[in-house]
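**Q** Quick one, what's the 3D model for this:
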Amino acid sequence: MVWFAVLLAVLGAFCLAFGAQRQGSAVKADTGGLALSSHGMVRLLRSPRWVFGLVLLCAGMALNSVALVLAPLTVVQPIGAIALVITTIVNAKDQGLSINRATVVAISACVTGSALFVVLAVNVTQENHQVSASDELTVVLLLALAVGLFGTLAVVFRQRMSAFIYILGAGILFGFVAVLTRIIGKHLLDPNGLGVLNVPWYSVVAIAAAGGLGSWFVQNAYSGGPPDLVIAGLTVIDPMVGIAIGITILGELRPDVHAVTAIAMGAAGSLAIVGVIALSRHHPEVTKRKKDARKAAGRVS
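**A** As a prediction, this is how the structure comes out:
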């Protein structure tokens, strides 16, 4: 069963990689590197390339979800990082770019840091079958704060927000969505037989708001950066946020955690985040855009 889960996770990684590349190229073709408008989003819904990418992304998430049910998180989660490597290679060939050394180092840091973080986290966490109403409300309130913060940034600094900020916001929002999805799933499976009646309305509203804003951030990240940056954010930041919430709020931390392990988790997480930042600054597509912008500014002056 574990090997079948691994196969599903690998297939999911391929779907995520090619889906991100298809959507990224469609968004760039529509926006020309500018911020995505509401009208642009409507046009994307009529783009076969973008819709095909969406189908692949949904399939990848579905395959990964099934894999997580069939095998431990420590086995499945690091496999998702394969999508980052695949996306980088596919996008480089599609754009006619050569992968520079800085990009290789950044991707290595993302993959290594996220894999170590997940492995260490799995060894210090325990399953919490009972999530109290107060804990769930705390998660929802923190998510509301995150939605308000990133929503305000999107409105006030829309023309000046970098692709990294967009993907950082998306990763955080989808991390909360994953936690709430898990909590709601437990409500639906509660043996009291009430099903949907167990689910608080505010959790559903929170998921809808965070999912909508997070999806908008992802599309804007495509317009301002390479698709591998999007995948890096979603395969690095998303699971870290989910695990952090589980540890700090849902009481999933084991009582016998050694200080060295906690420090190692912090170091691994920092390494992965630094990798995402480096990728957002030194990716060949990003450096090419900067050079083109400098040339254009020189011609104007």
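
**Q** and residue 153, how many neighbours does it have?
**A** Using other C-beta atoms under 10 Å, residue 153 is surrounded by 16 other residues. C-beta: built from backbone N, CA, C; applies to glycine.

**Q** How about the contacts made by it?
**A** 161, 165, 169 (C-beta atoms under 8 Å, 6 or more residues apart in numbering).

**Q** Identify the residue spatially nearest to the last one, adjacent ones excluded.
**A** Among residues not flanking residue 169 along the chain, residue 150 sits closest, at 4.0 Å (C-beta to C-beta, 6 or more residues apart in numbering).

**Q** Can you give me the distance of the one you found to residue 158?
**A** 12 Å (C-beta to C-beta, to the nearest Å).

**Q** Which one's more surrounded, the two?
**A** Neighbour totals were compared for residue 150 and residue 158, and residue 150 leads with 23 against 12 (other C-beta under 10 Å).

**Q** coming back round to it: show me which of the contacts of residue 153 is closest to residue 4.
**A** residue 169 (34.6 Å; C-beta to C-beta).

**Q** just to revisit the earlier point, filter the contacts of residue 153 down to just the ones in helices.
**A** 165, 169 (DSSP state H).

**Q** Make CSV out of the contacts of residue 153 and add neighbour count, pLDDT and distance to residue 20.
**A** Putting the contacts of residue 153 into CSV (neighbours: other C-beta atoms under 10 Å; pLDDT from 0 to 100; distance: C-beta to C-beta, whole Å) gives the following:
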residue, neighbour count, pLDDT, distance to residue 20
161, 19, 79, 19
165, 19, 87, 18
169, 27, 92, 17
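
**Q** Show me which of the contacts of residue 153 is closest to residue 133.
**A** Once C-beta to C-beta is applied, the member of the contacts of residue 153 that ends up nearest residue 133 is residue 169, at 27.6 Å.

**Q** which residues touch the closest one?
**A** 146, 150, 153, 154, 213, 214, 217.

**Q** and if you look at residue 57?
**A** 15, 16, 19, 20, 23 are the contacts of residue 57 under C-beta under 8 Å, 6+ apart.
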